[in-house]
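*Asks:* got a sequence here, can you build the structure:
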Amino acid sequence: MLRDDLCITVPTFFRCPISLDVMKSPVSLCTGVTYDRSSIQRWLDSGNNTCPATMQLLRTKDFVPNRTLQNLIQIWSDSLLHPPVSEPLPSPGQIIQAVADLDTEHRFGLLSKIFHFAQHSPENKLFLAKIEGFVNQLIRFLDNVGAGVTGSVEFLEQVVKLLDLILDSIEDPEGFKNSMLKGKNKQSLDSLLLVLQRGSSDSKIASARVLQFIAVDAESKLLIAEKEGLVTELLQSAKPEKDPALIENALASLVAISAPKRNKLKLVSLGAVKTLSKLLTESNLSVAVVEKVLKLVETASSTREGRREICEDEACVAAILNKVLKVSSVATEHAVTTLWSVCYLFRDRNAQEAVTQGNGLTKILLLMQSNCSPQVRQMCTDLLKIFRVNSKSCLSCYDTKTTHIMPF
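*Replies:* Residues are numbered from 1 along each chain as shown. The predicted model follows:
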């Protein structure tokens, strides 16, 4: 039974168009309209051969259960019968005591209480970060990845998400980084990897953010990339079918660690160019994601192996070319730098041909007429010079009024 002590608003699409009651067994006709099974059955048994809502003639009187809608109705109904009880916010004194008791067997529940407190406000996050020994205790939990409950994925997820919440409030980022990467057991990266492999989407995002936070210098970037399986999992998390927020944070972590040449080569060897190429062909990417993808492609293009991967993938060059305009100035610079690298600096024939076939010259000419940076303008000038010998044949097929800015 539903509660009758409140005026409950029922979503319109939960009601049967015939009875106007909440549907118990929703079924859909061939017209796509959904009814409660008992109501539509009575309608059809009465000799009617039309859809009651649209009055369309039914080509068949068969109907199929609408499982998705039934599940939604069930969830909504359950929420009325068992409304969530809001947990009271712990006091600062209770939090200090909870932190002191983290070494007890009740640590799992205590972490949940602390997490609830930290979520409430930036002031609470700062309060937590300043509690003596608290951050180090969380790191010790990560270092004990193989020890009983502290090694369970669920527990590690709690620890990592809590660390993510207070990252910006940590007063000694350098000390935090050193403790994470050079700790006594040096197993913090194992814990972050385990969360990336087996955690929920939210905890994977938190793990990627922690990695980004500690990748602040060449040594830390190398240590992170050297952890077996870590770069692979970040690339897996950035695949097009993943959660958009996870994709963005995984890419941000990859950007953070990609500067050293050794890491660039590792990214390329693990198939980063193919993953990035697929992402660039997606139509629903945010500007932030496109910028990060193009930054990583530009990074790959600074190595011989990366350039080979890019140039052998015509779809990749075409996708880069498509992002030259209408995304952002940052995306434009990354895209043009990559094209300049493969086409002008290293004179790859495949890349040059892909740019020509993709109407690249027109796009470059249009870009030069825009308010682009001097650096981008110079690279565009260099790119146009590449096609100087064949400029007449290349441009003859373009119906454009921009050829007057050709720099030759």
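
*Asks:* residues near Asp217, how many?
*Replies:* A count of nearby residues for Asp217, using other C-beta atoms under 10 Å, gives 12. (Each C-beta comes from the backbone N, C-alpha and C, glycine too.)

*Asks:* cool, Ser79 as well?
*Replies:* Residue neighbour count, defined by other C-beta under 10 Å, stands at 10 for Ser79.

*Asks:* and it, helix, strand or coil?
*Replies:* Here Ser79 is helix, with the state taken from DSSP: H, G, I helix; E, B strand; the rest coil.

*Asks:* what score does it have for pLDDT?
*Replies:* Model confidence at Ser79, given as pLDDT, is 75.

*Asks:* now do Ser370
*Replies:* Per the predicted model, pLDDT is 86 at Ser370.

*Asks:* which residues does it contact?
*Replies:* Shown in contact with Ser370 (C-beta atoms under 8 Å, 6 or more residues apart in numbering): Leu325.

*Asks:* the closest residue to Val376 other than its chain neighbours and Val273, how far apart?
*Replies:* Leaving aside its chain neighbours, Val376 sits nearest to Val336 (5.2 Å; criterion: C-beta to C-beta, 6 or more residues apart in numbering). Using C-beta to C-beta, to the nearest Å, Val336 is found at 18 Å from Val273.

*Asks:* circling back: could you name the specific helix or strand carrying the residue nearest to Val376?
*Replies:* Assigned by DSSP states H and E, Val336 belongs to helix 329-339.

*Asks:* quick one: buried residues of that helix?
*Replies:* By neighbour count, and taking 16 or more other C-beta atoms under 10 Å as the criterion, the buried residues in helix 329-339 are Ala331, Thr332, Glu333, His334, Ala335, Val336, Thr337, Thr338, Leu339.

*Asks:* hang on, the fourth one packs against Ser301?
*Replies:* To tie it back to what came earlier, the one meant is His334. No. The criterion here is C-beta atoms under 8 Å, and His334 misses it with Ser301 at 9.7 Å.

*Asks:* with only the CA atoms kept, save stretch 240-247 in PDB.
*Replies:* Extracted as PDB, the C-alpha positions of stretch 240-247 are listed here (Å, rounded to 0.1, in the frame of the first residue of the first chain):
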ATOM      1  CA  PRO A 240      34.200   5.700 -25.600                       C
ATOM      2  CA  GLU A 241      31.600   3.400 -23.900                       C
ATOM      3  CA  LYS A 242      32.700   4.400 -20.400                       C
ATOM      4  CA  ASP A 243      31.100   7.000 -18.100                       C
ATOM      5  CA  PRO A 244      31.800  10.500 -19.500                       C
ATOM      6  CA  ALA A 245      33.100  11.700 -16.100                       C
ATOM      7  CA  LEU A 246      35.400   8.700 -15.900                       C
ATOM      8  CA  ILE A 247      36.700   9.300 -19.400                       C
END
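
*Asks:* before we move on, back to that, could you dump the buried residues of helix 329-339 into TSV and include distance to Thr50 and pLDDT?
*Replies:* Formatted as TSV, the entries for those read as follows, by distance: C-beta to C-beta, whole Å; pLDDT from 0 to 100:
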residue	distance to Thr50	pLDDT
Ala331	53	94
Thr332	56	94
Glu333	60	95
His334	58	95
Ala335	56	95
Val336	60	95
Thr337	63	95
Thr338	59	95
Leu339	60	94
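
*Asks:* do you know the pLDDT at Lys227?
*Replies:* Turning to Lys227, the model gives it a pLDDT of 93.

*Asks:* how about the helices in the stretch 51-200 of the chain?
*Replies:* Counting by DSSP state H, counting those that start in this stretch, the stretch 51-200 of the chain forms helices over residues 67-81, 92-100, 107-120, 122-130, 134-143, 153-166, 173-182, 188-198, given from the N-terminal end onward.

*Asks:* got the buried residues for the first one?
*Replies:* Within helix 67-81, the residues that qualify as buried by neighbour count (16+ other C-beta under 10 Å) are Leu69, Gln70, Ile73.

*Asks:* got it, and stretch 50-57?
*Replies:* Buried positions in stretch 50-57, judged by neighbour count with 16+ other C-beta under 10 Å: Cys51, Pro52.

*Asks:* just stretch 229-244 next, same as before
*Replies:* In terms of neighbour count (16+ other C-beta under 10 Å), stretch 229-244 has its buried residues at Leu230, Val231, Glu233, Leu234, Leu235, Gln236, Ser237, Ala238.

*Asks:* out of those, which are inside helices?
*Replies:* For those, membership in helices holds for Leu230, Val231, Glu233, Leu234, Leu235, Gln236, Ser237, with DSSP state H as the criterion.

*Asks:* quick one: which of the residues you listed is nearest Leu254?
*Replies:* Leu234 (5.4 Å; C-beta to C-beta).

*Asks:* which residue packs closest to that closest one, ignoring adjacent ones?
*Replies:* Once its chain neighbours are removed from consideration, Leu234 has its nearest residue in Ala250; the separation is 4.8 Å (C-beta to C-beta, 6+ apart).

*Asks:* just want the most central residue of the protein.
*Replies:* Ile247 (2.2 Å; C-alpha atoms, centre = their mean).

*Asks:* check what pLDDT the closest residue to that one other than its chain neighbours gets.
*Replies:* Spatial nearest neighbour of Ile247, excluding adjacent residues (C-beta to C-beta, 6+ apart): Ala238 at 5.1 Å. The confidence metric pLDDT takes the value 94 at Ala238.

*Asks:* residues contacting Ala238?
*Replies:* Contact analysis of Ala238 by C-beta under 8 Å, 6+ apart lists Leu246, Ile247, Ala250, Leu251, Leu254, Thr275, Leu279.

*Asks:* how about these in TSV, adding pLDDT, distance to Phe155 and secondary structure?
*Replies:* Rendered in TSV, the data for the contacts of Ala238 read as follows (pLDDT from 0 to 100; distance: C-beta to C-beta, whole Å; DSSP: H, G, I helix; E, B strand; the rest coil):
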residue	pLDDT	distance to Phe155	secondary structure
Leu246	94	21	helix
Ile247	95	26	helix
Ala250	97	23	helix
Leu251	97	27	helix
Leu254	97	27	helix
Thr275	94	31	helix
Leu279	93	33	helix
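
*Asks:* which residues are in contact with stretch 35-50?
*Replies:* Residues external to stretch 35-50 that are found in contact with it (C-beta under 8 Å, 6+ apart): 16-19, 21, 23-29, 52, 56-58, 61, 63.

*Asks:* typed the wrong thing, it's stretch 251-266
*Replies:* Among residues not part of stretch 251-266, those counted as contacts by C-beta under 8 Å, 6+ apart are 208-209, 211-212, 215, 218, 221-222, 224-225, 231, 234-235, 238, 267, 272, 289, 292-293, 295-296, 299-300, 302-303, 305-306.
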